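In: One predicted model, sequence on top.
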Amino acid sequence: MTKKSLFKASFEESLNLLDDGVSGKFARDIYQDALKKEQFRGTKKSYVWLVILTFLFIIGPNWLIVALNDYLFYHSDPRDLTVPLPDINFLPYWVFWIALAIWLLLIILGKRYNQQFILIYRGQFHFMVTFIIWLVVELNIFSLNLIYAVAGFWGMFTFVGLILLIIISMILSRCESLGKLLYGTTLKKSFSDRFFGKMFSIIAKYGGLVVAIWLVIRIFFSSSMENSNNLIGGLGILASILILNILVFAFEVYFMFPYMLQAYYKWKYPEEYREWEGKSVEEWYGMKYLKKHKELIDIRNEVDLY
């Protein structure tokens, strides 16, 4: 039996994504809200606001994280810090510039997908997916400075591994549920899929306990009460970081991934979805796109004949 993929469903099967009990209402609401804002696309006012909002709410927050990290490392008094900083700075300014370059590159590459029906998803992808992931990655790198000081190298290694395994477990679980939604049956798993899925589940469930035990041991063997207090305060930091990652990636995996999967199938079956949504060729593709694709104008003319 051929193993079914999330990206090889037929048009009829892809419509099942609209019935997803987790992201269905979210997808409909966010799509309708974006449609209302599309009327302002292309105006000078919209471009000005886009630039301002990009600097204030996308580039700005990511830069502030790096700036705060730089201040703590090179301009603050160590005696004022609740948790001491390590000798290694995990978040220098060049990390921000590389991340910004990657984000801008994704925007440039996305320009090739300029059909009207895909523009909504393209903008939301850059803001609600790539920007949020960029922000959380920077926060995680920033937190490495604190984790390293609190838990040491092996504690940091274990904690980061725990976060990654939780994310992988969420992705595997979501892919399984979406496969069942698309095809009506669970996607066939190989032995390795089942083995690693079970392993990830166990580690994700008990990994936090391992980190906690490691911190308790460090507290117990700390040479001073000050170190013990730092480690106890560090527990709250670790818990906050863990919860933040779970919430953000749960949103991306359980809500944004199926929503973007709908965009993929609209791109794969554009004419089928156009007819299904009852849109004209101009409404669906946009006049700018039609001027570069004369074959779609023939479709419009054929429709006009009837």
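Out: Sure, I can see it. What you see is a predicted model; the values in this text were computed from it and never measured.
In: In stretch 60-67, which residues are buried?
Out: 62-63, 65-66 (16 or more other Cβ atoms under 10 Å). C-beta here means a position set from N, CA and C on the backbone, and glycine is covered the same way.
In: Need the residues you listed in CSV (columns: distance to residue 111).
Out: Listed next are the buried residues of stretch 60-67 as CSV, based on distance: Cβ to Cβ, whole Å:
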residue, distance to residue 111
62, 22
63, 24
65, 28
66, 27
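In: which one of those residues is nearest residue 251?
Out: Here the nearest of the buried residues of stretch 60-67 to residue 251, counting by Cβ to Cβ, is residue 62; it sits at 18.1 Å.
In: from what I can see the closest one touches residue 98, true?
Out: No: in this structure residue 62 lies outside contact range of residue 98 using Cβ atoms under 8 Å: 11.5 Å.
In: where's residue 109, which helix or strand?
Out: Using DSSP states H and E, the element containing residue 109 is helix 93-110.
In: ok now stretch 107-119, how far from the chain's centre?
Out: Between the centre of stretch 107-119 and the centre of its chain there are 19 Å (Cα atoms, centre = their mean, to the nearest Å).
In: list the contacts for residue 137?
Out: residue 99 (Cβ atoms under 8 Å, 6 or more residues apart in numbering).
In: could you give the angle of the helix or strand harbouring residue 142 to helix 93-110?
Out: Using DSSP H and E, residue 142 falls within helix 132-183. Helix 132-183 runs at 40 degrees relative to helix 93-110, counting by axes from the mean of the first three to the mean of the last three Cα atoms, to 10 degrees.
In: Check the burial of residue 136 by counting its neighbours.
Out: Using other Cβ atoms under 10 Å, residue 136 has 17 other residues around it.
In: That one and residue 244 touch, don't they?
Out: Yes: taking Cβ under 8 Å as the definition, residue 136 is a contact partner of residue 244 at 7.2 Å.
In: Flag the shaky bits of the protein, pLDDT-wise.
Out: Scanning the chain for pLDDT under 70 picks out 1-3, 81-83, 186-235, 297-306.
In: what's around the nearest residue to residue 241 once chain neighbours are set aside, how many residues?
Out: Excluding its sequence neighbours, the residue lying closest to residue 241 (Cβ to Cβ, 6 or more residues apart in numbering) is residue 143, at 4.9 Å. By the measure other Cβ under 10 Å, the count of residues near residue 143 is 24.
In: Would you confirm that residue 143 contacts residue 242?
Out: No: contact between residue 143 and residue 242 fails when scored by Cβ under 8 Å: they sit 10.0 Å apart.
In: buried residues in stretch 167-179?
Out: By neighbour count on 16+ other Cβ under 10 Å, the buried set for stretch 167-179 is 167-172, 174-179.
In: Residue 263: how many residues sit nearby?
Out: 19.
In: Sorry, slip of the keys, the one I care about is residue 266.
Out: 22.
In: what sits against it?
Out: Taking Cβ under 8 Å, 6+ apart, one finds 117-118, 121, 273 in contact with residue 266.
In: Nearest to residue 108 among these?
Out: So of those, ranked by how close each gets to residue 108 (Cβ to Cβ), first place is residue 118, at 15.7 Å.
In: Dump the helix or strand containing the closest one to PDB, keeping only the CA atoms.
Out: Using DSSP H and E, residue 118 falls within helix 116-125. Written as PDB, here are the backbone C-alpha positions of helix 116-125 (Å, rounded to 0.1, in the frame of the first residue of the first chain):
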ATOM      1  CA  GLN A 116      -4.700  37.400  -6.000                       C
ATOM      2  CA  PHE A 117      -6.100  34.300  -4.100                       C
ATOM      3  CA  ILE A 118      -2.600  33.600  -2.700                       C
ATOM      4  CA  LEU A 119      -1.700  37.100  -1.600                       C
ATOM      5  CA  ILE A 120      -3.700  36.800   1.600                       C
ATOM      6  CA  TYR A 121      -1.900  33.700   2.700                       C
ATOM      7  CA  ARG A 122       1.500  35.100   1.600                       C
ATOM      8  CA  GLY A 123       1.100  38.100   3.900                       C
ATOM      9  CA  GLN A 124      -0.100  36.000   6.800                       C
ATOM     10  CA  PHE A 125       2.700  33.500   6.300                       C
END
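In: residues making contact with that helix?
Out: 30-31, 34-35, 38, 41, 110, 113, 259-260, 263, 266-267, 270, 273-274, 279, 283-286, 289.
In: Could you pick out the buried ones from those?
Out: 30, 110, 259-260, 263, 266, 270, 273-274, 284-286, 289.
In: and of these, the nearest to residue 162?
Out: Nearest to residue 162 among the buried ones among the contacts of helix 116-125 is residue 260, at 26.4 Å by Cβ to Cβ.
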